[in-house]
Structure formats: C-alpha cells, structure tokens
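Trainee: Test case, fold it:
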Amino acid sequence: MKERIYLDYAATTPVDPRVVERMLPFFTGTFGNPSSVHWFGQQAEAALESARETVAGALGAQPDEIVFTSCGTESDNLAIRGMAFTQREKTGAQRIITTPVEHHAVLHTVEQLVELNGFKMDLLPVDQYGMVDPEDLRHALRDDVALVSIMYANNEIGTINPMAEIGKLCRQRGVPLHSDAVQAAAHLPMNVVRDQIDLLAIGAHKFYGPKGVGALAVRKNIGLHPSQTGGGQENGRRAGTQNIPYIIGLAEALKLTVNDLEARRRQHIAKRDRLIAGVLGNVPGSRLTGHPTERLPNHASFAFERLDGNHLLMLLDAAGFACSSGSACKVGDPKPSSVLNAIGLSQAWTLGSLRVTLGESTTLDQIESFIEVLPSLVNKVRGAA
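Mentor: Numbers count the residues shown, from 1 in each chain. Below you'll find the predicted structure:
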C-alpha cells in the first residue's frame with residue numbers, strides 16, 4: 001500500500017497518547033458523578049476543578065470563568081445566544097455584528113436569531129486577506145449593538161485577526177465581544193485579559209485532544225442565558241452531567257499545547273513556507289488565499305483558477321494525500337466558497353479552493369511528495385473540465 005499522508009489537521013487531530021493515558025483512569029476508576037456528595041463524587045469533582053484551573057491558566061482567565069461544553073460549536077452557540085438574549089433583556093440592544101467569513105457555528109446561529117427571535121445582523125467587510133479592519137468596527141459600534149462576534153483565526157484561509165485592537169474598541173463601548181478561537185488555540189497564545197475578549201470558544205480535537213468536548217471562557221460578572229437547562233451545572237450556564245474523562249483530556253491537551261507552542265510554531269512555519277513556495281512555483285494559475293504572514297503557522301490555503309476543488313480532493317485522496325477544500329460542493333452541485341467570495345475572488349477562482357494544514361507528524365519529505373504530485377493532478381482536473 002502507498003503511504004497515506006494526512007494534511008488536514010485543521011479538520012481534526014489524532015489524540016496525543018499522553019492525553020489518552022491521562023484520561024483512562026476516569027472511565028473506570030474515578031468514575032463518579034461530580035454532582036454527587038459521596039466520596040466517588042468528590043473525587044470526580046476534584047478532578048473537574050483541577051481541569052478547570054488548568055484551562056483557565058492557559059486562556060488567561062479565572063477558574064470560575066470556564067464553562068465546559070461538548071465542542072467548539074456548542075461553545076459558540078452558547079456564547080452568541082446566551083449573550084444576545086442577556087443584552088436584549090438588559091439594554092434592549094438587538095444588533096449583532098459579525099463577519100461573512102465566520103464558521104457556520106457562528107453565522108448560522110446569528111442567522112437563526114435574526115429569523116426566529118427578531119435580532120438584526122450587521123456583517124463587517126473583510127479585506128482581500130479576510131481580515132477585519134478595526135476602523136470598520138469602530139464605525140459600526142452603536143448603542144443598539146448587543147454583541148460582536150469575530151473569529152480569532154479563520155479556519156479556511158488561516159488569517160489571524162487583530163483581536164487586541166478589536167477587544168479594546170468593544171470594551172471602550174461596553175459591547176461584549178465573542179471570539180471563535182477553535183482554530184487559534186492550537187497555535188497562538190490565548191489571553192482573554194490581554195485581548196479584552198468577553199467570551200472565547202475552543203474545542204479539544206483541534207489540539208490533539210478528544211472529540212466531543214470544548215470550553216467557553218466567560219468574563220466574570222457578565223450575564224449569560226443558558227441554552228441548555230436542567231441541573232444547573234457549570235454555575236448554571238450549561239446543565240448536564242460533566243464528561244469528566246473528556247474534560248480531563250481537554251485540559252491535558254491544552255496544557256501540552258501551551259508548553260510546546262513556540263517550538264511547534266517554528267517547526268510549522270518552516271514547513272508551511274516551503275509548501276507555499278512549492279505550490280505557487282509549480283502550479284500555474286494558483287494563488288495563496290489568506291494573509292501572507294498574519295496566518296496560522298501550520299496553515300496553507302490556495303485557490304486555483306478554472307478548477308473543481310472537489311475533483312482535485314478526490315484525486316489527491318486516491319494519490320494518498322488527505323486535504324480539504326473550503327468549497328461547500330456536492331457532486332453535480334458545485335457552490336463557490338463563501339469565504340473566497342467575501343475576499344473578492346471572481347467565480348473563476350472560488351470553486352478551486354484547497355486547504356493544506358500541517359501537524360506534528362508532518363515531515364518535509366511528505367511536503368516534497370505533495371509538491372511533486374500536485375501539478376499533474378491539477379492539470380488532470382483542468383483537462384477534464
């Protein structure tokens with residue numbers, strides 16, 4: 001069998017063996033319900049609160065500001081819905097500011113609030129790299145704004161937003177700021193105090209933790225309507241018995257990520273830049289999408305002129321390379337990437353997106369193999385058009 005090379009680490013990551021080892025005792029040994037008052041429950045609760053302290057330290061938050069959820073998507077949903085309803089109840093504000101390049105966990109949530117609950121949505125423009133200009137936000141902030149939601153780093157094109165400037169503007173106007181940091185937390189130092197972010201969402205499986213667990217940092221003393229009610233867990237913000245093994249896994253994975261952040265960043269950038277240079281130098285009609293420097297260190301994304309991105313993905317998979325596309329295509333029903341539309345690319349380019357994201361196991365030899373194979377596959381797709 002040919003070697004299969006995984007280049008889709010922005011989609012998900014394998015669980016670090018050290019994380020698995022840390023999780024295992026909490027499936028069978030320390031298995032109690034943390035809400036129970038007996039010894040078994042107390043042991044589970046102690047582990048839960050220790051994990052909360054670890055996550056808080058990694059995000060620059062306080063332990064009682066951490067809410068554990070089932071994933072990054074739930075964290076985004078809880079933040080946006082919870083804050084929108086709180087702000088409308090408190091101030092009457094019902095306008096939500098976001099961007100057209102957000103993850104669907106954000107955009108679809110805001111769209112539903114507009115459709116079903118009478119909120120209004122303002123979409124900030126982004127530049128050719130998918131980045132928000134803080135000046136545009138400054139002009140959009142008014143008394144009727146309930147919430148601003150701007151992603152820390154884009155999942156499709158890798159661009160990093162100037163979150164500290166954005167946070168400063170929102171704090172000056174007293175408007176809560178939510179940021180989807182699901183991609184960013186794996187690669188960038190997070191600090192909600194430094195960046196003045198009121199609600200920060202993460203998901204464990206993006207940084208070598210398990211799928212099915214996330215967290216939301218919620219600044220102290222701001223209200224947040226729960227979107228899930230019941231037993232009042234997580235300080236009344238997210239009801240349901242906590243998934244202790246997975247929460248332990250999230251905390252361990254995040255701790256390891258923070259400890260290795262700088263060394264991993266340097267390694268990723270060297271490999272990423274070789275990949276970008278190799279693709280752009282060997283594939284005619286190709287362009288880098290996203291910011292050339294202010295981008296996630298492991299993230300390379302491209303657009304190819306006059307090319308079906310999904311067809312290319314299938315050929316890459318057959319050649320042993322697992323990558324992804326930003327295009328929401330289905331066979332026979334191609335649709336352009338909304339992110340590439342938002343950054344101003346023409347239709348000739350928006351169907352031909354390719355995202356290549358690197359991980360700890362990615363080698364330079366694998367990247368060279370990818371660069372060698374890609375041009376012929378692109379030509380094959382174009383020849384079949």
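Trainee: ranges for the strands of this protein?
Mentor: 5-6, 66-69, 95-98, 120-123, 145-149, 177-180, 199-203, 214-218, 286-288, 299-304, 321-322, 353-357 (DSSP state E).
Trainee: so which of these is the most packed in?
Mentor: Among these, ranked by average contacts under mean count of other CB atoms under 10 Å, first place goes to strand 199-203 (a mean of 30). (C-beta placed from N, C-alpha, C; glycine too.)
Trainee: Let me have the strands of the chain in TSV, adding distance to Val37 and mean pLDDT as columns.
Mentor: Shown next, in TSV, are the strands of the chain (distance: least, CB to CB, whole Å; pLDDT from 0 to 100):
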stretch	distance to Val37	mean pLDDT
strand 5-6	45	98
strand 66-69	20	98
strand 95-98	41	98
strand 120-123	45	98
strand 145-149	38	98
strand 177-180	35	98
strand 199-203	31	98
strand 214-218	25	98
strand 286-288	57	98
strand 299-304	47	98
strand 321-322	48	97
strand 353-357	45	97
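Trainee: Mind naming the longest helix for this structure?
Mentor: helix 244-282 (DSSP state H).
Trainee: Rounded mean pLDDT for that one, please.
Mentor: The pLDDT scores in helix 244-282 average 97.
Trainee: what does stretch 369-385 give?
Mentor: For stretch 369-385, mean pLDDT rounds to 93.
Trainee: So for that stretch, what gets flagged as buried?
Mentor: Residues of stretch 369-385 classed as buried under the neighbour-count rule (16 or more other CB atoms under 10 Å) are 369-371, 373-375, 377-378, 381-382.
Trainee: Helices - which of those land there?
Mentor: 369-371, 373-375, 377-378, 381-382.
Trainee: List just the nearest of those to Ala44.
Mentor: Phe370 (44.8 Å; CB to CB).
Trainee: Which residue is the nearest non-sequential neighbour of the closest one?
Mentor: Closest residue in space to Phe370, ignoring its immediate chain neighbours: Phe321 at 5.8 Å, by CB to CB, 6 or more residues apart in numbering.
Trainee: For that neighbour, which residues are in contact?
Mentor: By CB atoms under 8 Å, 6 or more residues apart in numbering, Phe321 lies in contact with 5, 7, 370, 373.
Trainee: which of these lies closest to Gly130?
Mentor: Of all these, Gly130 sits closest to Leu7, with 20.7 Å by CB to CB.
Trainee: Touching, the closest one and Phe370? I think so.
Mentor: Yes. Using CB atoms under 8 Å, Leu7 is in contact with Phe370, at 6.7 Å.
Trainee: okay, and the common contacts of these two?
Mentor: The contact sets of Leu7 and Phe370 overlap at 321, 356 (CB under 8 Å, 6+ apart).
Trainee: Closest one to Gly209 out of the buried residues of stretch 369-385, please.
Mentor: Relative to Gly209, the closest of those is Phe370; by CB to CB it sits at 26.3 Å.
Trainee: who's in contact with that closest one?
Mentor: Counting by CB under 8 Å, 6+ apart, Phe370 makes contact with 5, 7, 275, 278, 321, 356.
Trainee: How about Thr357?
Mentor: Neighbour list for Thr357: 7-11, 296, 298-300, 324 [criterion: CB under 8 Å, 6+ apart].
Trainee: Nearest residue to it in space, please, no chain neighbours.
Mentor: Nearest to Thr357 is Ala10, by CB to CB, 6+ apart, at 3.9 Å.
Trainee: Hmm, that neighbour is touching Arg355, no?
Mentor: Yes. If you go by CB under 8 Å, Ala10 and Arg355 touch, sitting 6.4 Å apart.
Trainee: so what's in contact with those two at the same time?
Mentor: 299, 324.
Trainee: Residue ranges in this structure under the pLDDT threshold?
Mentor: Low-confidence segments of the chain (pLDDT under 70): 1, 326-334, 385.
Trainee: now do 50
Mentor: 327-333 (pLDDT under 50).
Trainee: Give me the domain ranges for it.
Mentor: 5-12+261-384, 17-257 (automatic domain parsing).
Trainee: Show me which residues of stretch 247-262 are buried.
Mentor: Neighbour-count burial for stretch 247-262, counted by 16+ other CB under 10 Å, picks out 247-258, 261.
Trainee: tally of neighbours for the closest residue to Leu261 other than its chain neighbours?
Mentor: Leaving aside its chain neighbours, Leu261 sits nearest to Pro189 (6.3 Å; criterion: CB to CB, 6+ apart). Look at Pro189: counted by other CB atoms under 10 Å, it has 15 neighbours.
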